[in-house]
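> Quick one, fold the following:
(chains A and B, ligands or ions: 1)
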Amino acid sequence: MKEAGEKLLNVALVGNPNSGKSTIFNKLTGLRQKTGNFPGVTVDAKEGRLRLPSGRELRLTDLPGTYSLHPTSSDEKIVAAVLANPRDPHFPDAVIYVADATHLEKHLLLLTQLLDLNVPVLLALNMSDTAAEIGIKVSPGILAERLGIPVVPVSGRTGENIQKLIGEVEKLLLAPLAARKPFYVPTELEKQVAEAVCLNLNLDNPYQALLIAHHQSWLPFLSPQERATLEAIVKNKEFQSLRIQVDETLERYDRFTPLVQAAVQNPPQFPSTPTDRIDAFLTHRWVGPLFFFVVMLLVFQAIYDWSAVPMDLIENMFSGLTSWLKIHLPQHWLSDLLTDGILAGFSGILVFVPQIAILFFLITLLEEVGYMARVVFMFDKTMRRFGMNGRSVVSLISGGACAVPAIMSSRTIGNWKERLITTMVTPFISCSARIPVYAVLIGLAVPANRVFGILSWQSLTFGSMYALGVLAAFASGFVLKKVLRTHDLSYLAIELPVYRMPHWKNLWLTVWEKVLAFVIGAGKIILIISIVLWAMARFGPGDDMQQAEAEALRIAATQQLNDTATADLVAAYQLESSYAGCLGKLIEPAIRPLGYDWKIGIALIASFAARDVFVGTMSTIYSIGSSDDDVMLREKMQSATFDDTGTSVYTLATALSLLVFYALAMQCMSTVAVVARETGHWKWALFQFAFMSLLAYFGAWVVYHLFQ
Amino acid sequence: MQRRYRTVPDLKIHESARALAFEDPALAGKLTAMGLLPGTLIEMVRTAPFGNAYYIKADGVRLALRKEEAASILIDL
Ligand SMILES: Nc1nc2c(ncn2[C@@H]2O[C@H](COP(=O)(O)OP(=O)(O)O)[C@@H](O)[C@H]2O)c(=O)[nH]1
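Here you go, the predicted structure:
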């Protein structure tokens, strides 16, 4: 493994949560990083490139933070699964172990486990700036001697000794791996089990064998036969895994505590710190939750306010480019594909970028300073009733802006089931794209008169739509909690880190990484669906489209319409004869019970791209495509009648039913794409699509019949 | 019969006691890995706003525990 061959060497960062691993990773890789997907698991690990002084490049992986190789959550399992399997493609050629120098007595457990796995490892004593500040002196010499590995005091924040760290990594990769005396001396029973496992799986490291024996039930790299053999060994030897894990942990502490005591001068006392004084307010019975809601309101506001200008800019840029191209390109379906398919797709992707960037900036800020752990603590109980976790609060509230970044932020949830439920219910929260739809429909059908002097029926309806979304989210969380099964135990047990000033470099790197992940990952899919939708509206069966055009031109001529009105009429007739129009007519029987005609059907189908498409599609159908006039659209819609019965389409019942449909249905291809990406399976995206659509259909049906 | 031990939820606010042992082996694995060991000094800081969870300090490290988790830690009298 060590020869200076062509193979890209792997170096992994391992350490406890909050040890400053990500900060060191950012320092080492800068922009040369991306989020890689580990096959078979849903949690991502970050990967980056690092150039050694010799010019050689290596791959640096930031493994999730964990306390021990005996994992308790799905992201911790990744670490154990990678490190217990030398055949894993991510198995590191060397490990940089990051420990918090100000809490060394709590940070060495995992390191001693790595020592026993015989991976080349070096210890980075992080936060040495803080240690110096509060007068803790750690002797790297004593630690290096007693642990038998290189030790470098570093600071991810100030960048102190980072070059030295890289130099040590290179030395470590070049040095031959000396056989180490095991740090932990196993008991007789453990020895027997380890021997049996080594023999059966053809391994030579006893601690690795022991880890595999402990975790045989879930380790992903074992074949069914291997698993069966291991199960038999464990049963046969009466190997009580959980108890033995605890004994091993305690034994390790007993061994390294004297070592820490020898190496650390001025062990920390625990005086009342600023963190305690801040927490007296921020986790206070009343002030705590109140403060949280104020913060969330501000976040929400910021996403609206700050994103409006860049979003308009992006949309104007694209619509400007589109109209320019429409004028200058020859009339051909390829030109249409470029403008209405590809460019529309790009604009649909890029228009989300400001919101994603702002949301992630604020959420990462809250995470960086240490506040998020407090939110988890305060709301854990409430959220658990609904199958979620304290951290889900953040996702749900972010969903009020846009479900795409909100779902991406649920990654911090360790428990698979809680994270999945959060992902499943977040799109119920009314996002900003529903606002234009609500505005048109409410203006159309709900009377503007006031109820109690101040409130109008219109604003009440508006508010109820938001309430409906929240209700649907919590209710489905409650149901999913009963239905889904998981082997993951659910824990709260979370460290509440000390409050720190944010490290700005971490912040903007995270924002950059999320935006890139969205544009590349979800963007591909959005682009494809957008092109499909375009094609369906552009083409029709046989020569129907040409006939529709001729028919429209004939009518326009008899009515002596001007050019714009003629073009609008042609567009309306063509849409009716296109595949999208056919589909609208095809589904009309299904949506008639909700009070919709085929025109609304087309809008519903088109709205799958994004909800705000509703307004644009309705404009095209009612032949006012070239004007941006909501009032005119409303008038046209008000006078619309069903083709067969001639009764009015837009009654109060239809409008309310449509409102409920838009509040509950999954009509956003970006969200579908993101759900598929984040859960790692299309099946969850499809399941969510199905249950949201069913709920929307049912809800709309009930409302239509109540108000008819 | 009087119980011979207490658990963490029995602590009053700002009261401290030493951890003795754990009742649930799965939780014991998690808590010991996080540095909460037999012999660790535990201080009760406050309860969560909506109950069911505790903010504690274990040898100066701040932790949030659910009630069940806290109740699995036996402490001295
Ligand atoms: N003072 C100081 N703070 C640091 C250092 N490294 C990281 N931090 C801060 O410690 C917190 C946790 O760091 P992070 O990298 O997110 O930890 P991770 O959970 O191990 O990835 C963040 O607020 C960082 O800004 C350091 O060397 N010195």
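> Next, residue 64: secondary structure please.
In the absence of a named chain, chain A is used. Assigned by DSSP: H, G, I helix; E, B strand; the rest coil, the conformation of A:Pro64 is coil.
> wrong chain, I was asking about chain B
Of the three states, B:Ala64 takes strand under three-state DSSP.
> Likewise for A:Asn10?
Reduced to three states by three-state DSSP, A:Asn10 is strand.
> remind me, longest helix of the chain?
Here I'm looking at chain A. Longest helix of chain A, by residue count under DSSP state H: helix A:287-328.
> wait, chain B
Ranked by number of residues, the top helix in chain B under DSSP H is helix B:25-33.
> what sits up against the next helix-or-strand element following it?
As assigned by DSSP states H and E, the chain's next helix or strand after helix B:25-33 is strand B:41-47. The list of residues contacting strand B:41-47 from outside it, by CB atoms under 8 Å, 6 or more residues apart in numbering or on different chains, reads A:276, A:279, A:283-285, B:8, B:11-19, B:36, B:53-59, B:62, B:73, B:75. (Glycine included, C-beta is placed from N, CA and C.)
> May I see the buried residues of strand B:41-47?
Under the neighbour-count criterion of 16 or more other CB atoms under 10 Å in any protein chain shown, strand B:41-47 has B:42-47 buried.
> do the same with stretch A:63-82
So for stretch A:63-82, counting by 16+ other CB under 10 Å, buried means A:63-82.
> about what we covered before: wait, does the longest helix of chain A make contact with chain B?
Yes - Helix A:287-328 reaches chain B (CB under 8 Å from any CB of the partner chain) through A:288-289.
> Show me what counts as buried in the helix or strand following that helix.
Note on helix A:287-328: by DSSP H and E, the next helix or strand toward the C-terminus is helix A:333-336. Neighbour-count burial for helix A:333-336 flags A:Asp336 (criterion: 16+ other CB under 10 Å).
> now for helix A:333-336, which elements pack on it?
Contact analysis of helix A:333-336 by 3 or more CB pairs under 8 Å, 6 or more residues apart in numbering or on different chains; DSSP states H and E lists helix A:523-538 as its packing neighbours.
> The helix it packs on: how far from the chain's middle?
Distance of helix A:523-538 from the chain centroid (CA atoms, centre = their mean, to the nearest Å) equals 23 Å.
> Mind checking what helix or strand follows that helix in sequence?
helix A:544-559.
> May I see the buried residues of that following helix?
Buried, per 16+ other CB under 10 Å, within helix A:544-559: A:544-545, A:548-549, A:551-552, A:556.
> Report the entries of the buried residues of stretch A:63-82 that also contact chain B.
By CB under 8 Å from any CB, the members of these lying near chain B are A:67-68, A:70, A:72.
> and the ligand, which of these contact it?
When contact is defined as CB under 6 Å from any ligand atom, these do not meet the ligand at all.
> So which residues on chain B come close to chain A?
Checking chain B against chain A by CB under 8 Å from any CB, the hits are B:22, B:25-35, B:37-38, B:45-46, B:48-53, B:55, B:57, B:59-66, B:69.
> Return the members of these classed as buried.
Buried by 16+ other CB under 10 Å: B:22, B:25-35, B:37-38, B:45-46, B:48-49, B:53, B:55, B:57, B:59, B:61-66, B:69, out of these.
> Domain-wise, how is chain A divided?
Following automatic domain parsing, one gets these domains for chain A: A:10-174, A:188-265, A:272-539+A:600-635.
> tell me the contacts of A:Ile413?
Counting by CB under 8 Å, 6+ apart, A:Ile413 has contacts A:388-389, A:391-392, A:419, A:422.
> Any idea how far apart the tips of stretch A:646-658 sit?
20 Å (CA to CA, to the nearest Å).
> ok, of the domains of chain A, where does mean pLDDT dip lowest?
Ranked by mean pLDDT, the domains of chain A end with domain A:272-539+A:600-635 in last place, scoring a mean of 82.
> In contact with the closest residue to A:Leu325 other than its chain neighbours, which residues?
Spatial nearest neighbour of A:Leu325, excluding adjacent residues (CB to CB, 6 or more residues apart in numbering or on different chains): A:Thr339 at 5.2 Å. Residues in contact with A:Thr339, defined by CB under 8 Å, 6+ apart, are A:322, A:325-326, A:329.
> Swap in 10 Å and give it another go.
Residues near A:Thr339 by CB atoms under 10 Å, 6 or more residues apart in numbering or on different chains: A:318-319, A:321-326, A:329, A:534.
> ok, now A:Asp644?
Shown in contact with A:Asp644 (CB under 10 Å, 6+ apart): A:588, A:592, A:597.
> Of those residues, which is the most crowded?
Within the contacts of A:Asp644, most neighbours by other CB atoms under 10 Å in any protein chain shown means A:Asp597, with 21 neighbours.
> which residues touch that one?
Contact analysis of A:Asp597 by CB under 10 Å, 6+ apart lists A:584-585, A:588, A:591, A:640-645, A:649-650, A:654.
> now, which of these sits nearest A:Gly141?
Of all these, A:Gly141 sits closest to A:Ile591, with 76.2 Å by CB to CB.
> give me the number of residues near the closest one?
Counted with other CB under 10 Å, the neighbours of A:Ile591 add up to 21.
> same deal with A:Ala690?
A:Ala690: 11 neighbours (other CB under 10 Å).
> Spell out, range by range, the helices that occur in the stretch 401-550 of chain A.
Here the stretch 401-550 of chain A has its helices, by DSSP state H, counting those that start in this stretch, at A:403-408, A:416-425, A:434-445, A:457-483, A:504-517, A:523-538, A:544-559.
> and of those, who's closest to chain B?
helix A:416-425 (13.2 Å; CB to the nearest CB).
> now the angle from the closest one to helix A:457-483?
Computed with axes from the mean of the first three to the mean of the last three CA atoms, to 10 degrees, the direction of helix A:416-425 lies at 150 degrees from that of helix A:457-483.
> Let me know whether helix A:416-425 sits next to chain B.
No - using CB under 10 Å from any CB of the partner chain, we find that helix A:416-425 stays clear of chain B, coming within 13.2 Å at best.
> got the CA positions of that helix in PDB?
Extracted C-alpha coordinates of helix A:416-425, given in PDB (Å, rounded to 0.1, in the frame of the first residue of the first chain):
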ATOM      1  CA  TRP A 416     -32.500   7.800  10.000                       C
ATOM      2  CA  LYS A 417     -36.200   7.700  10.700                       C
ATOM      3  CA  GLU A 418     -36.400  11.100  12.300                       C
ATOM      4  CA  ARG A 419     -34.500  12.600   9.300                       C
ATOM      5  CA  LEU A 420     -36.700  10.800   6.800                       C
ATOM      6  CA  ILE A 421     -39.900  12.000   8.500                       C
ATOM      7  CA  THR A 422     -38.600  15.500   8.500                       C
ATOM      8  CA  THR A 423     -37.800  15.300   4.800                       C
ATOM      9  CA  MET A 424     -41.300  13.800   4.100                       C
ATOM     10  CA  VAL A 425     -43.300  16.500   5.900                       C
END
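> helices or strands next to it in the packing?
Where contact means 3 or more CB pairs under 10 Å, 6 or more residues apart in numbering or on different chains; DSSP states H and E, helix A:416-425 is packed against helix A:74-83, helix A:372-384, helix A:392-398, helix A:403-408, helix A:457-483, helix A:669-679, helix A:682-707.
> Dump these to CSV, plus distance to A:Val185.
Putting the helices and strands packed on helix A:416-425 into CSV (distance: least, CB to CB, whole Å) gives the following:
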stretch, distance to A:Val185
helix A:74-83, 20
helix A:372-384, 36
helix A:392-398, 43
helix A:403-408, 45
helix A:457-483, 44
helix A:669-679, 43
helix A:682-707, 46
